[in-house]
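Participant: fold the stuff below for me.
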Amino acid sequence: MRRYYEFAVVVILIGILALLLMRALERARGDMEETIVQTEAAAMRMGLIEVVAHRETFGGELPKSSNPVDWVATPPANYVGEHDGRPEGKSVWYFDRQAKELVFLFRDGRRARFRLSRDASVDSQKAVVAGVGLLRLEDQRE
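Facilitator: Numbering: from 1, shown residues only. I've put the predicted structure just below:
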(Lines give C-alpha, C1' and ligand atoms only; values in the text may rest on other atoms or scores of the structure.)
Protein backbone atom coordinates (compact mmCIF):
# COMPACT_ATOMS: atom_id res chain seq x y z
CA MET A 1 0.00 0.00 0.00
CA ARG A 2 2.87 2.36 0.80
CA ARG A 3 4.24 1.97 -2.74
CA TYR A 4 0.96 3.26 -4.17
CA TYR A 5 1.25 6.43 -2.08
CA GLU A 6 4.85 6.94 -3.16
CA PHE A 7 3.85 6.43 -6.78
CA ALA A 8 0.96 8.91 -6.41
CA VAL A 9 3.29 11.52 -4.88
CA VAL A 10 5.79 11.07 -7.73
CA VAL A 11 3.02 11.39 -10.35
CA ILE A 12 1.69 14.55 -8.68
CA LEU A 13 5.19 16.09 -8.50
CA ILE A 14 5.87 15.30 -12.16
CA GLY A 15 2.49 16.80 -13.09
CA ILE A 16 3.24 20.00 -11.18
CA LEU A 17 6.69 20.29 -12.75
CA ALA A 18 5.21 19.68 -16.22
CA LEU A 19 2.64 22.43 -15.61
CA LEU A 20 5.35 24.87 -14.50
CA LEU A 21 7.43 23.97 -17.57
CA MET A 22 4.49 24.56 -19.91
CA ARG A 23 3.82 27.98 -18.36
CA ALA A 24 7.48 28.92 -18.70
CA LEU A 25 7.48 27.80 -22.34
CA GLU A 26 4.36 29.88 -23.01
CA ARG A 27 6.05 32.97 -21.55
CA ALA A 28 9.16 32.27 -23.64
CA ARG A 29 7.02 31.95 -26.78
CA GLY A 30 5.41 35.32 -26.02
CA ASP A 31 8.84 36.88 -25.51
CA MET A 32 10.04 35.40 -28.81
CA GLU A 33 7.03 36.83 -30.65
CA GLU A 34 7.76 40.27 -29.18
CA THR A 35 11.38 39.93 -30.30
CA ILE A 36 10.23 39.01 -33.82
CA VAL A 37 7.97 42.08 -33.90
CA GLN A 38 10.76 44.39 -32.76
CA THR A 39 13.24 42.87 -35.22
CA GLU A 40 10.87 43.17 -38.18
CA ALA A 41 9.97 46.74 -37.20
CA ALA A 42 13.66 47.67 -36.96
CA ALA A 43 14.30 46.17 -40.40
CA MET A 44 11.41 48.14 -41.85
CA ARG A 45 12.65 51.33 -40.20
CA MET A 46 16.01 50.78 -41.86
CA GLY A 47 14.22 50.23 -45.19
CA LEU A 48 12.35 53.50 -44.73
CA ILE A 49 15.60 55.31 -43.95
CA GLU A 50 17.09 53.85 -47.13
CA VAL A 51 14.16 55.08 -49.25
CA VAL A 52 14.32 58.59 -47.76
CA ALA A 53 18.12 58.75 -48.04
CA HIS A 54 17.91 57.67 -51.69
CA ARG A 55 15.34 60.38 -52.37
CA GLU A 56 17.43 62.99 -50.55
CA THR A 57 20.51 61.99 -52.52
CA PHE A 58 19.09 61.41 -55.99
CA GLY A 59 15.75 63.23 -55.87
CA GLY A 60 12.42 61.82 -56.85
CA GLU A 61 9.16 61.15 -55.11
CA LEU A 62 8.42 59.21 -51.97
CA PRO A 63 5.76 56.49 -52.26
CA LYS A 64 2.21 57.79 -51.75
CA SER A 65 1.06 54.70 -49.86
CA SER A 66 0.48 54.77 -46.11
CA ASN A 67 1.42 51.09 -45.96
CA PRO A 68 5.08 50.90 -44.86
CA VAL A 69 5.42 47.50 -46.56
CA ASP A 70 4.98 49.26 -49.92
CA TRP A 71 8.02 51.38 -49.10
CA VAL A 72 10.48 48.62 -48.26
CA ALA A 73 12.07 46.01 -50.52
CA THR A 74 11.28 43.00 -48.33
CA PRO A 75 7.98 42.57 -46.48
CA PRO A 76 8.01 41.09 -42.98
CA ALA A 77 7.80 37.33 -42.65
CA ASN A 78 4.19 36.10 -42.43
CA TYR A 79 2.82 39.26 -44.10
CA VAL A 80 -0.66 38.45 -45.43
CA GLY A 81 -1.38 41.70 -47.28
CA GLU A 82 -3.86 44.54 -46.90
CA HIS A 83 -7.21 43.88 -45.25
CA ASP A 84 -10.23 45.91 -44.18
CA GLY A 85 -10.57 43.86 -41.00
CA ARG A 86 -8.74 41.24 -39.00
CA PRO A 87 -7.52 38.36 -41.19
CA GLU A 88 -7.53 34.70 -40.21
CA GLY A 89 -4.45 33.32 -38.50
CA LYS A 90 -2.12 34.17 -35.68
CA SER A 91 1.46 35.39 -35.65
CA VAL A 92 0.82 37.24 -38.91
CA TRP A 93 1.44 40.76 -40.16
CA TYR A 94 -1.22 42.66 -42.12
CA PHE A 95 -2.03 46.23 -43.09
CA ASP A 96 -5.39 47.50 -41.81
CA ARG A 97 -6.67 49.77 -44.60
CA GLN A 98 -9.33 51.41 -42.45
CA ALA A 99 -7.05 52.31 -39.53
CA LYS A 100 -3.99 52.79 -41.82
CA GLU A 101 -1.91 50.68 -39.44
CA LEU A 102 0.51 47.83 -39.88
CA VAL A 103 -0.53 45.17 -37.37
CA PHE A 104 1.04 42.02 -35.95
CA LEU A 105 -1.37 39.52 -34.39
CA PHE A 106 0.12 37.70 -31.43
CA ARG A 107 -1.04 34.20 -30.57
CA ASP A 108 -2.45 35.44 -27.25
CA GLY A 109 -4.80 37.92 -28.97
CA ARG A 110 -2.68 41.01 -28.52
CA ARG A 111 -2.08 43.29 -31.51
CA ALA A 112 1.12 45.28 -32.05
CA ARG A 113 0.24 48.32 -34.16
CA PHE A 114 2.51 50.57 -36.22
CA ARG A 115 1.81 53.69 -38.25
CA LEU A 116 3.89 55.27 -40.97
CA SER A 117 4.77 58.82 -39.94
CA ARG A 118 5.31 61.55 -42.50
CA ASP A 119 5.21 64.32 -39.90
CA ALA A 120 8.33 66.44 -40.15
CA SER A 121 7.85 67.66 -36.57
CA VAL A 122 8.54 64.22 -35.10
CA ASP A 123 11.97 64.58 -33.58
CA SER A 124 11.92 62.37 -30.50
CA GLN A 125 11.39 59.09 -32.34
CA LYS A 126 14.20 56.71 -33.21
CA ALA A 127 14.99 56.08 -36.86
CA VAL A 128 13.10 59.08 -38.23
CA VAL A 129 14.69 60.73 -41.25
CA ALA A 130 13.13 63.77 -42.89
CA GLY A 131 10.03 63.16 -40.78
CA VAL A 132 9.48 59.64 -42.12
CA GLY A 133 9.47 56.80 -39.63
CA LEU A 134 7.58 53.81 -38.34
CA LEU A 135 5.92 54.62 -35.03
CA ARG A 136 4.71 51.93 -32.65
CA LEU A 137 1.29 52.63 -31.22
CA GLU A 138 -0.11 51.21 -28.01
CA ASP A 139 -0.80 47.47 -28.20
CA GLN A 140 -4.43 46.35 -28.16
CA ARG A 141 -6.13 43.20 -26.90
CA GLU A 142 -8.76 41.42 -28.95
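Participant: pLDDT at Tyr94, what is it?
Facilitator: With respect to pLDDT, Tyr94 scores 96.
Participant: who touches it in this structure?
Facilitator: Counting by C-beta atoms under 8 Å, 6 or more residues apart in numbering, Tyr94 touches Tyr79, Val80, Gly81, Glu82, His83, Arg86, Pro87, Leu102, Val103, Leu105. For every residue, glycine as well, the C-beta is placed using N, CA and C.
Participant: kindly report the same for Val37.
Facilitator: Applying C-beta under 8 Å, 6+ apart, we find Val37 in contact with Phe104, Ala112.
Participant: go with 10 Å
Facilitator: Counting by C-beta atoms under 10 Å, 6 or more residues apart in numbering, Val37 touches Pro76, Ser91, Trp93, Phe104, Phe106, Arg110, Ala112, Phe114, Arg136, Asp139.
Participant: now the strands for the protein?
Facilitator: In the chain, the strands defined using DSSP state E lie at 79-83, 92-96, 101-105, 110-117, 133-136, 140-141.
Participant: residue boundaries of the helices in the chain?
Facilitator: Counting by DSSP state H, the chain has helices at residues 2-58.
Participant: Gln45 contacts Val72, doesn't it?
Facilitator: Residue 45: Arg, not Gln. Yes. Applying C-beta atoms under 10 Å as the test, Arg45 and Val72 come out as touching, 9.2 Å apart.
Participant: now, among the contacts of Val37, which is nearest to Glu61?
Facilitator: Checking the contacts of Val37 against Glu61 by C-beta to C-beta gives Phe114 as the nearest, at 22.6 Å.
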